[in-house]
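*Asks:* sequence first, predicted coordinates after that:
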Number of protein chains: 2
Amino acid sequence: MSVLCRFIRSRAHRLPIVNIARSIGGASTEYFAVTYEEHGDPMKVLEGKTLTFETDPSSLNSNEVYLRMLAAPINPADINMIQGVYPVKLTLPLIAGFDGIGEVLSVGSAVKSFQSGDWVVPNAVSRTSIGTWRTHTVCEEENLWKIPNDIPLLSAATLAVNPCTAYRMLTDFVDLGKGDVVIQNGSNSAVGQAVIQIAAAMGLQTVNIVRDRPNNEIIVKWLIDMGATHVITQEFAHSPEMKMLMGTMRQPKLALNCVGGKGIADILKYMERKSTMVTYGGMSKRPLMVPTGSFIFNDVRLRGFWMSQWNKEHVNSPERREMWHYLCGLVRKGRLFPPIYRTVPLEHFKDGIKRTMEPYTTQKQILVMDKSLL
Amino acid sequence: MSVLCRFIRSRAHRLPIVNIARSIGGASTEYFAVTYEEHGDPMKVLEGKTLTFETDPSSLNSNEVYLRMLAAPINPADINMIQGVYPVKLTLPLIAGFDGIGEVLSVGSAVKSFQSGDWVVPNAVSRTSIGTWRTHTVCEEENLWKIPNDIPLLSAATLAVNPCTAYRMLTDFVDLGKGDVVIQNGSNSAVGQAVIQIAAAMGLQTVNIVRDRPNNEIIVKWLIDMGATHVITQEFAHSPEMKMLMGTMRQPKLALNCVGGKGIADILKYMERKSTMVTYGGMSKRPLMVPTGSFIFNDVRLRGFWMSQWNKEHVNSPERREMWHYLCGLVRKGRLFPPIYRTVPLEHFKDGIKRTMEPYTTQKQILVMDKSLL
């Protein structure tokens, strides 16, 4: 694992960054933000702008928090939101970015949950949006969730959506014990990588399907190094050899799907009776094609998961605190790393968008707001 | 309802039947049966034969029951079994028929559950097979399930698979209260007709989708007369007008699917958040095409149901007794009738098979073993 991580870190690409927010009297009155006024191709509609706070952030309302954003990953939901195909509809113009980490600079007089120096993430990631792709913001207290600030910055910046999704899917749908098998597709996605690492930490075995692509051996090596039990291609999953592989282990109790399409049948045919497939993404843009017999004769159950809905239903819940405690614990133990990534200075956001939208991309683009953090 | 039923009954087609079992000394030593020695087209592989019991049924083993079959519906599972595409594999040659009703003629010395004159159905319909398409049989006690013999014969003959499936699907998956909405496709199937009647008795509303076909107005009238709230075509379900119709009622909490294919999306888009679709058949022979967003953003759950598996897991359970009590109660109250049917003397089974396999067939073919019963 450590070898992999050094490797990944050495691959991080660092562009020069300038301090783009102007500071006056301890608080910036201006900030830089990635904005859009209409839905469409992110490469065309996104625009970097220097904006001015309506009121000086040194004089906050009592329930407000002033923060500087530190880093923000570019997730598929961000792209879909900008394109206008995300089911959450918000009024435009908007500042882009659902996910990311900020540092509290100052708080209003009635704010109890946060103090200067705390790290925070959006409270209901990707349902409402605080617009994380910016240097500074002022938020109401209820829109933020405090996380530990003793873990690496890029771990903190990438926990709230993808590893939390992975953790919940491994926890909330079926009872899994040591040695049980989880099968997933899109395994090189950020969630997929988190599933591999968290499942390994839980003593689970994972069968990880990736798309057939050029240079697949690199992806396979990465995922194996992360703790994947098996990494196979969609082509292999569809072949007769798949049966032999699946015969060497317990039948999967849980399948995780972020691809959809015809490959669903290749997974379901090996699932245990009464097992569950959880869908959290649809990268193929095709509906799941589910054989009738899987439902009737194998009693498989198909469910869905959406992290932001879970957060909405579990604000300040013990389950949410336990999840963060567990995931930060894994990070500290060196068992959960950020997804394979590349940092991009915020002002070069279009470079990050471009890379995110390339086919077969595995590398997570993480926008970083201050070069001194790298 | 009574009008409909008279109408249906008057449509029953009655072919002449001869008594085909020879009776010697109170018990038949010979019986007539519909057999097959290899899988294939039912019209080709099925053969009517006069067979002889290995031992005289007047001298039963202690745990055996001797019965005469009274009537047996031809269900899709029977056709699939004969074709060899049913997932339960049994050794050939076989006597066909999973479902149907028999009358106990005599019992072995240790049999406690049955006595002469009782009505029985197969205990684990369509998992193992006692071969119901015959005039007489000798079974072990554990393979039979006693049902009331004070209800009409053709109701009794058609309760064990289709209305039981309908009842369980309406009962076991979501909590439904008066006025709640159930949506189903293949609504003119035998299960679909039972769903309409049972749901109406439970105070539920039903939206019933049928295939676009010639003379649809007849089917629509039948289903409305049975208690359907709305009967619509697949074409309508796919049209913008569907939204207006669905806007007039609560969002469905439960969907029942026996068709599969693309039409699944037309149903799911109107379902309530966290609602459930239960699949019990696949008449289109196409996989369910399920939009990813239904899982993620509407948290719908897809499940399957198989009556014979349920029976296997609930042999002699209170739930099973309660179900039969409830369904026979509905029959007695005139709220649950056999599916739209046509009786066929057993010896003319090929005529029933042919009708069953015709496209757009709604009429359930019921094999009857003794013309005096009609």
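*Replies:* Here it is on my side, so go on.

*Asks:* residues contacting A:V34?
*Replies:* A:V34 sits next to A:L46, A:E47, A:G48, A:I95, A:A96, A:G97, A:W133, A:R134, A:L346, A:F349, A:L367 when contact means CB atoms under 8 Å, 6 or more residues apart in numbering or on different chains. Where you see a C-beta, it was placed from the backbone N, CA and C, and this is true even at glycine.

*Asks:* Three-state assignment for it, please.
*Replies:* Here A:V34 is recorded as strand under DSSP: H, G, I helix; E, B strand; the rest coil.

*Asks:* and for it, nearest residue in space, chain neighbours not counted?
*Replies:* In space, A:V34 comes closest to A:W133 once its chain neighbours are excluded; the distance is 3.9 Å by CB to CB, 6 or more residues apart in numbering or on different chains.

*Asks:* can you give me the neighbour number for the one you found?
*Replies:* Neighbour count for A:W133, taken as other CB atoms under 10 Å in any protein chain shown: 26.

*Asks:* was I right about it contacting A:L367?
*Replies:* Yes: counting by CB atoms under 8 Å, A:L367 is a contact partner of A:W133 at 5.9 Å.

*Asks:* shared neighbours, these two?
*Replies:* Shared contacts of A:W133 and A:L367, defined by CB under 8 Å, 6+ apart, comprise A:V34, A:A72, A:G97, A:G100, A:L346, A:F349.

*Asks:* picking that back up, gap between the residue nearest to A:V34 and chain B?
*Replies:* Taking CB to the nearest CB, to the nearest Å as the measure, A:W133 falls 23 Å from chain B.

*Asks:* can you count the residues close to the residue in the stretch 51-200 of chain A that chain B sits nearest to?
*Replies:* Residue of the stretch 51-200 of chain A nearest chain B, by CB to the nearest CB: A:P87 (4.6 Å). By other CB under 10 Å, the residues close to A:P87 number 11.

*Asks:* remind me, longest helix of chain A?
*Replies:* Assignment by DSSP state H gives helix A:318-332 as the longest helix of chain A.

*Asks:* and that helix, what does it pack onto?
*Replies:* The contact analysis (3 or more CB pairs under 8 Å, 6 or more residues apart in numbering or on different chains; DSSP states H and E) places helix A:318-332 against strand A:144-147, helix A:153-159, helix A:162-172, helix A:190-201.

*Asks:* distance to A:E54 and mean pLDDT added to those, as a markdown table?
*Replies:* Formatted as a markdown table, the helices and strands packed on helix A:318-332 follow (distance: least, CB to CB, whole Å; pLDDT from 0 to 100):
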| stretch | distance to A:E54 | mean pLDDT |
| --- | --- | --- |
| strand A:144-147 | 19 | 94 |
| helix A:153-159 | 27 | 95 |
| helix A:162-172 | 32 | 98 |
| helix A:190-201 | 34 | 98 |
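
*Asks:* can those go into TSV with extra columns for distance to A:W119 and mean neighbour count?
*Replies:* Shown next, in TSV, are these (distance: least, CB to CB, whole Å; neighbours: other CB atoms under 10 Å in any protein chain shown):
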stretch	distance to A:W119	mean neighbour count
strand A:144-147	5	19
helix A:153-159	6	24
helix A:162-172	15	23
helix A:190-201	19	25
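
*Asks:* export the ones you listed to JSON lines and tack on distance to A:D225?
*Replies:* Formatted as JSON lines, these follow (distance: least, CB to CB, whole Å):
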{"stretch": "strand A:144-147", "distance to A:D225": "26"}
{"stretch": "helix A:153-159", "distance to A:D225": "17"}
{"stretch": "helix A:162-172", "distance to A:D225": "17"}
{"stretch": "helix A:190-201", "distance to A:D225": "10"}
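
*Asks:* so which of those comes closest to B:K354?
*Replies:* For B:K354, the closest of the helices and strands packed on helix A:318-332 is helix A:162-172, at 49.6 Å, according to CB to CB.

*Asks:* what lies in contact with that closest one?
*Replies:* The contact list for helix A:162-172 (CB under 8 Å, 6+ apart) reads A:73, A:75, A:176, A:182, A:189-195, A:198-199, A:202, A:204, A:254, A:256, A:278, A:280, A:305, A:307, A:310, A:323-324, A:326-327, A:336, A:339.

*Asks:* cutoff 7 Å now
*Replies:* Contacts to helix A:162-172, defined as CB atoms under 7 Å, 6 or more residues apart in numbering or on different chains, come from residues A:176, A:182, A:190-191, A:194-195, A:198-199, A:202, A:256, A:278, A:280, A:305, A:307, A:310, A:323, A:326-327, A:336, A:339.

*Asks:* next secondary structure element downstream of it?
*Replies:* Next helix or strand after helix A:162-172 toward the C-terminus (DSSP states H and E): strand A:181-184.

*Asks:* test my guess that the residue nearest to A:V34 contacts A:L94.
*Replies:* No: using CB atoms under 7 Å, A:W133 makes no contact with A:L94, being 10.0 Å away.

*Asks:* so who does the closest residue to A:N123 other than its chain neighbours touch?
*Replies:* Once flanking residues are discounted, A:N123 sits nearest to A:W145: 4.6 Å by CB to CB, 6+ apart. Listed by CB under 7 Å, 6+ apart, the contact set of A:W145 reads A:V120, A:V121, A:N123.

*Asks:* can you redo the residues you listed as a markdown table with secondary structure and pLDDT?
*Replies:* Output for the contacts of A:W145, formatted as a markdown table (DSSP: H, G, I helix; E, B strand; the rest coil; pLDDT from 0 to 100):
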| residue | secondary structure | pLDDT |
| --- | --- | --- |
| A:V120 | strand | 96 |
| A:V121 | strand | 94 |
| A:N123 | coil | 87 |
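
*Asks:* so how far is A:D78 from the most centrally placed residue in chain A?
*Replies:* Central residue of chain A (CA atoms, centre = their mean): A:N162, 2.9 Å from the mean position. Distance of A:N162 to A:D78, given as CB to CB, to the nearest Å: 12 Å.

*Asks:* could the contacts of A:W145 go into CSV alongside neighbour count?
*Replies:* Below are the contacts of A:W145 laid out as CSV (neighbours: other CB atoms under 10 Å in any protein chain shown):
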residue, neighbour count
A:V120, 27
A:V121, 24
A:N123, 23
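
*Asks:* strands - which of the contacts of A:V34 land there?
*Replies:* Members of the contacts of A:V34 lying in strands (criterion: DSSP state E): A:E47, A:G48, A:I95, A:L367.

*Asks:* so what pLDDT did the second one get?
*Replies:* It refers to A:G48. What the model reports as pLDDT for A:G48 is 97.

*Asks:* so it sits against A:E347, correct?
*Replies:* Yes: when contacts are counted by CB under 7 Å, A:G48 is listed as touching A:E347 (6.1 Å).

*Asks:* circling back: for the residue nearest to A:N123, list each beta-bridge partner.
*Replies:* A:V121 (DSSP bridges).

*Asks:* contacts only, for the closest residue in space to A:E37 that isn't next to it in sequence.
*Replies:* Once flanking residues are discounted, A:E37 sits nearest to A:P93: 4.3 Å by CB to CB, 6+ apart. With contact set as CB under 7 Å, 6+ apart, A:P93 has these partners: A:T35, A:Y36, A:E37.

*Asks:* please apply the same query to A:L245.
*Replies:* A:H230.

*Asks:* what's the distance between A:E235 and A:V191?
*Replies:* A:E235 is 22 Å from A:V191, where distance means CB to CB.

*Asks:* try A:T171
*Replies:* Distance, A:T171 to A:V191, using CB to CB: 14 Å.

*Asks:* cool, and A:R303?
*Replies:* Remark: distance between A:R303 and A:V191 (CB to CB) = 15 Å.

*Asks:* one more: A:Y270?
*Replies:* Applying CB to CB, the value for A:Y270 to A:V191 is 21 Å.

*Asks:* up against chain B, what does the stretch 201-350 of chain A have?
*Replies:* Contacts of the stretch 201-350 of chain A with chain B, taken as CB under 7 Å from any CB of the partner chain, map to A:260, A:265, A:279-280, A:282, A:287-293, A:295-297, A:299-306.
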